[in-house]
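1. Take a look and give me a structure for this.
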Amino acid sequence: MKKIRTSLIILILLILASVAAGIFVYPKGYGLKYKPWSLGLDLVGGTSLTYNIDLTDIKQGDYEAVLSGLREVVEKRVNLYGVTEPKVAIAQKGNSYELIVDLAGVKDLKDAVSQIGETPRLDFREVIQEGENVSFIKSELTGRYISGASLTFDNLNKPIVTLEFNSDGAKIFEDLTGRNIGKPLAIFIDDQLSDAPRVNEKISGGKATISGGGDGFKIDEARSLVQRLNAGALSAPITLSNQRTVSATAAQDALKKIITAGVISMILVTLFMLFYYRLLGFFAVMALIMYTALTLAIFKSGLFGLIPSFTMTLSGIAGFILSIGMAVDANILIFERAKEEMKKGLTKAAAVEEGFKRAWLSIRDSNVSTIITATILYFFTSSFVQGFALTLGLGVLVSMFSAIYVTRTILRIFIRH
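-> Below you'll find the model as predicted:
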């Protein structure tokens, strides 16, 4: 009796949690006020940009740091552009790398490209002069070592841009100025010579200035450069290789179709379980409804930061719908095993307990193999497949909890004889 009471309390808590999850995930009302759904551009429309990354001048050992820095820089630029929940990812394609930027809700493709492309590539170059011939040798010091930029004025009240480097950049800058005392040090922005100040002494502390060369900066030019540098200088050159737009109408149409497909699949699964397993099927459907609400709540909340920048896409919805079938599959294994135990003469309650115990190994192995597959897909594929893998993997994890814990709790309460 105590076991039944405990199961009843647990069931009530699960029902309350499922109702709360249902309110939270509903696209209108209280759920929307607390946290709106983060939807990909294939569901709300927008722009997708693909850039080729040039790593020619980067040492292979620095690839990871450069790619990570490049992604962070572009994210800053996109955030300054005002895009909600942008998605910026690095994808490997053979021996080359691509930067993929998804801008949900952005319709002005030309403006989006110009905003991202305006982030400058800055580097310092040593000047080699032989007679009238002048050549510039690239150094290790590039924009990826910049920690901040500010607008100041020189003694003649002309605007100049002051740069501050991080600890690694400060050390490189100190070594660079140390071996170029008495020589000019060229500052290039987007492969264009910006300034070539003379180095009078070794400079420690990680600070440098850009005066603009010639007549110097205009105030608007200096302010614009500071804004762009604070957004981050690109650590490697990027070239736009592909662009596509998804209209809001087409996206809404796709969303309606996949939701319809999901509802139809739920209805068909429910009818099958009720027709074939009757009372057991009814309990399985109850567990399935709880599973759906709780899983969607996990997707929407992103586990409050544990799943960073989770965005629901068409492929993600497909993975979730597939996980519903996996959840039902576990119940079928349990019920079939329980039937075999009842044929041996066990009571329903004993047969159900034995069914859970004996079916668990098969459920565990099948779900773990699916989770392993989803993990491989998530870490070794592009962003489109990653959405599918993430929702499928999380869905399967929750389905194991649903089948083994939720369904079992319901059956312990209602099936005694």
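
2. So for the closest residue to residue 105 other than its chain neighbours, what's the pLDDT?
-> With sequence-adjacent residues excluded and distances taken as Cβ to Cβ, 6 or more residues apart in numbering, residue 105 is closest to residue 46, at 5.2 Å. From N, CA and C alone the C-beta is placed, and that goes for glycine too. Looking at residue 46, its pLDDT reads 78.

3. Dig out what residue 46 forms beta bridges with.
-> residue 104, residue 246 (DSSP bridges).

4. Also the one 5 residues further on?
-> Here residue 51 sits in beta bridges with residue 99, residue 240, as judged by DSSP bridges.

5. Which residues lie in contact with it in this structure?
-> 98-101, 238-241 (Cβ atoms under 8 Å, 6 or more residues apart in numbering).

6. Going by distance to residue 267, which of the residues you listed wins?
-> In terms of Cβ to Cβ, no member of those lies closer to residue 267 than residue 100, at 36.3 Å.

7. quick one: contacts of stretch 374-381?
-> So stretch 374-381 is in contact with 319, 385-386, 388-390, 392-393, 396, going by Cβ under 8 Å, 6+ apart.

8. Only the buried residues of that stretch, if you could.
-> 374, 377-378 (16 or more other Cβ atoms under 10 Å).

9. Tell me where the longest helix sits in the protein.
-> helix 348-380 (DSSP state H).

10. Check which element follows that one along the chain.
-> Remark: after helix 348-380, the chain's next helix or strand is helix 383-401, criterion DSSP states H and E.

11. Which strands and helices lie in contact with that following helix?
-> strand 87-93, helix 279-301, helix 314-343, helix 348-380 (3 or more Cβ pairs under 8 Å, 6 or more residues apart in numbering; DSSP states H and E).

12. sorry, back to before: arrange the buried residues of stretch 374-381 in a markdown table, one row each, with distance to residue 140 and pLDDT as further columns.
-> Output for those, formatted as a markdown table (distance: Cβ to Cβ, whole Å; pLDDT from 0 to 100):
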| residue | distance to residue 140 | pLDDT |
| --- | --- | --- |
| 374 | 40 | 88 |
| 377 | 37 | 86 |
| 378 | 34 | 83 |
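
13. and which of those is nearest residue 105?
-> Of these, the one sitting nearest to residue 105 (Cβ to Cβ) turns out to be residue 378, at 25.2 Å.

14. for residue 239, what are its contacts?
-> Counted by Cβ under 8 Å, 6+ apart, residue 239 has contacts 51-52, 54.

15. which one of those residues sits closest to residue 283?
-> residue 51 (52.1 Å).

16. Next, the buried residues of the longest helix of the chain.
-> 348, 351-356, 359-360, 363, 366-367, 370-371, 374, 377-378.

17. Distance from it to the middle of the chain?
-> Relative to its chain's centre, helix 348-380 lies at 28 Å (Cα atoms, centre = their mean, to the nearest Å).

18. Kindly report the same for stretch 40-51.
-> So, by Cα atoms, centre = their mean, the centroid of stretch 40-51 is 14 Å from its chain's centroid.

19. That stretch: end-to-end distance?
-> 19 Å (Cα to Cα, to the nearest Å).

20. check contacts around the residue sitting furthest away from the middle of the chain.
-> Largest separation from the mean C-alpha position in the chain: residue 131, at 53.6 Å (Cα atoms, centre = their mean). Residue 131 makes contact with no residue, according to Cβ under 8 Å, 6+ apart.
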